[in-house]
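Give the three-dimensional model of this entry:
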Amino acid sequence: MTTSVDTLPSPVEYSYNDRYINRELSILDFHLRVLEQAVDPLHPLLERMNFLLIFSRNLDEFFEIRVAGLMEQLDLGNESLSPDGLTPKQVLEQISKTAHEAIERQYRILNQEILPKLRDEDICFLRRGELTPAQSAWVKKYFQEQVAPVLTPISLDPAHPFPRLVNKSLNFIVTLEGKDAFGRQIDLAVVPAPRSLPRVVRLPDELTGGKEHHVMLSAIIHEHVSDLFPGMTATGCYQFRVTRNADLALNEDVEDLAKALKGELSSRRFGRAVRLEVTQNCPKPIYEYLLNEFDLEPEQLYKVDGPVNLARLLSNFKRPHLRYDTHVPVIPRVLKKADNTFSAMQKQDILLHHPFESFSPVISLLREAARDPQVLAIKQTLYRSGPDSEIVQVLAEAARNGKEVTAVIELRARFDEESNIAVANVLQEAGAVVVYGIVGYKTHAKMILIVRRENNKLVRYVHLGTGNYHAGNARMYTDYGLMTTDKDLCEDVHRIFQELTGMGKMAKLKKLLHAPFTLHAQLIHFIDEEIANAKAGKPAQIIVKVNALTEVQLINKLYEASQAGVQIDLIIRSICCLRPGLKGLSENIRVRSIVGRFLEHTRVYYFSNNGDARIYCSSADWMDRNLFNRVEACFPVEDSVLKKRIYQYGLLNYLKDNQQAWDLQSDGTWLRFKAKDTDVAHNAQRVLIEHIQ
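So this is what the prediction gives:
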């Protein structure tokens, strides 16, 4: 329903706190939605456990990056307001309150729901007091042969100051009585647990009757820790783990980016402490001692009812009925029928929707290119892709086969920096040209360009995507990929590669929208057109599906569109700083988040455009960093069949979801959507699994 310009409501004045949601608190809310999947009966038991552990990994990164950044602002005396009107100190206080409550809930779910249900399935994590004599003997032998030889107990005394402990490592602080071999009275020692040791140890079948019974490494060390201190008595043994600032502070003026990154990576392991985790039984004098050593305040202490390193708890349990049904991604019919990928792409544009459709056509395209004597050149951006990945190996093969291979590798992809340096080395050794992109701008665009000689002419083939060239991610993340020979798109991709590898002016593009140059301005223009249509009494609608919405200019423009009567649906996976449903400001905006089996990662922008809909897919979220500080590619989908498919299954399908959906309220809270008893169940991801066959 549209609103004429004569009946538009008068603008309502809202304060910053009312207009915007804090970014850090919004992403923390997303992690809470992930945590809630651990109690959702729609998921099989082991998948629920996996969500519990994903929450741990998410929270680790949240503290390493977001909390660390806020603490750094405090250290620098920065008390400036964020767009929502909160200071860093205020945000940290709210984070502390929410995170403490969430972690308490996490362990309550683990101990009261997940572990008892696993025990019902004969999957047990045995405590020390539950071991039979035979099991205890086996554990003792395992400790002596497999654990003790790699442990290094460190006494704490004037000659041995508190050791530098690696970020997120499992450690034990031990209280002692007695004297060591040199006659010294030692009261405390630290025992780091090497990462090479498995955190979960399965007992032999002959000792369990074939049941899956496990013992935690922490329990094994705790039981036998006295053996590490001959002649002394361990009177207490307490797990702890410290989380550190893991963001890289890289000077953009460095001459050799790879060399500079290598130096920074080593320091990441020993950054400033931002959180201390201890077990609940840790005495107050001990955790106060640790807080002092790590220069942390009491509110940065997290006492947990279980292992302090839950992220490494999952084992390879062989219980298919406790997991999702196996999903086999399909190959589009046009590719099955074609002689090769090149001939299929000549016939039509091909849209891939991962993980419902296979990622293998992308690898096949590269493999065919690597071995085809008619192919002259391959150019590709790589953001997250390990050196052992099939794509990297195929690119290396292409270079060895004499193709002109150019790889634009973003070394600074967070937490994949080391892997990306290894990728660069593999490709350089094979003879590929490796470029690290533009200093100051991360290369986040997902592009492949292949140049092939056909009938004495050079023909280009292009793949553009919303997600990384990572086969593992393509099985877990939802993403779109477009395979095309459209001349304008191919020319645009060619020009962007020239821009990335050369020193020329901004590329003038025909169809692609391009950050940091044209994308933001064009999005504003598209929204303005919807505003004009609404004011003229014409249909006006915007649907945006992205991972995050934080950019204030776009948020304000969406508010303006809402006031003009534009109907706006936002499908935001994680961070949303916009407040929907505010009278006179955002009444026509609805925001929802889908959290399910697969991680939602597609980025799709839809503008109704008075009946001639525009649909764009992109590598960019609606965030400042994507729009102004990264190289991003946003590509139109012009084929009418593909446009209809994205609209129906990539957008409307998610708006109909009544199983995995959360709706954002005007007060900033997220509520799980509750279907009525009479509603037909609609699970968007399940619909896609069943539809794409």
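
and the end-to-end length of stretch 363-379?
14 Å (Cα to Cα, to the nearest Å).

Just the buried residues of stretch 137-145, please?
Residues of stretch 137-145 classed as buried by neighbour count (16 or more other Cβ atoms under 10 Å): 138-139, 142-143. Bear in mind the C-beta positions are built from the backbone N, C-alpha and C, glycine included.

Please list the residues outside that stretch that contact it.
131, 201, 203-204, 207, 215, 220-221, 223-224, 227 (Cβ atoms under 8 Å, 6 or more residues apart in numbering).

Thought Ser619 was touching His444, still the case?
Yes - His444 lies in contact with Ser619 (Cβ atoms under 8 Å); the separation is 5.4 Å.

Name the residues contacting each of the two.
Common neighbours of His444 and Ser619 (criterion: Cβ under 8 Å, 6+ apart): 626, 632.

Give me the more crowded residue out of these two.
Counted by other Cβ atoms under 10 Å, His444 and Ser619 do not tie: Ser619 has more neighbours, with 26 against 23.

phi, psi of the more buried one?
Phi and psi for Ser619, reported as degrees, to the nearest 10, are phi -90, psi 0.

tell me the contacts of it?
444-446, 465-467, 603, 626, 632-634.

Please list the members of those that lie in strands.
If you go by DSSP state E, the contacts of Ser619 have 446, 465, 632-634 in strands.

what does the domain assignment say about the chain?
Listed by automatic domain parsing, the domain ranges of the chain are 121-323, 333-509, 514-691.

what two of the contacts of Ser619 are the furthest from one another?
Gly465 and Asn626 (14.8 Å; Cβ to Cβ).

What are the contacting residues of stretch 549-559?
Residues from elsewhere that reach stretch 549-559 (Cβ under 8 Å, 6+ apart): 19-20, 23, 83, 520, 523-524, 527-528, 542, 568, 570, 572, 575-578, 585-586, 589, 621-624, 627.

Can you tell me which of those residues are classed as buried?
Buried residues within those, counting neighbours by 16+ other Cβ under 10 Å: 19-20, 23, 83, 520, 523, 527, 542, 568, 570, 572, 575-578, 585-586, 589, 621-624, 627.

Could you check how many residues crowd around the closest residue in space to Arg495 that isn't next to it in sequence?
Spatial nearest neighbour of Arg495, chain neighbours left out: Ala507 (3.8 Å); criterion: Cβ to Cβ, 6 or more residues apart in numbering. Residue neighbour count, defined by other Cβ under 10 Å, stands at 20 for Ala507.

what sits against Ala507?
Shown in contact with Ala507 (Cβ under 8 Å, 6+ apart): 492, 495-496, 498-499, 514.

Ramachandran angles for it?
Here is the backbone geometry of Ala507 (degrees, to the nearest 10): phi -70, psi 130.

As a check, name the ranges of all helices in the stretch 551-693 of the chain.
Secondary structure of the stretch 551-693 of the chain (DSSP state H, counting those that start in this stretch): helices at 552-564, 624-628, 640-645, 653-655, 684-691.

isn't Pro198 right up against Ser218?
No - the criterion here is Cβ under 8 Å, and Pro198 misses it with Ser218 at 11.6 Å.

one step back: got JSON lines for the domains of the chain, with distance to Phe30 and mean pLDDT too?
Below are the domains of the chain laid out as JSON lines (distance: least, Cβ to Cβ, whole Å; pLDDT from 0 to 100):
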{"stretch": "domain 121-323", "distance to Phe30": "17", "mean pLDDT": "86"}
{"stretch": "domain 333-509", "distance to Phe30": "15", "mean pLDDT": "92"}
{"stretch": "domain 514-691", "distance to Phe30": "4", "mean pLDDT": "97"}
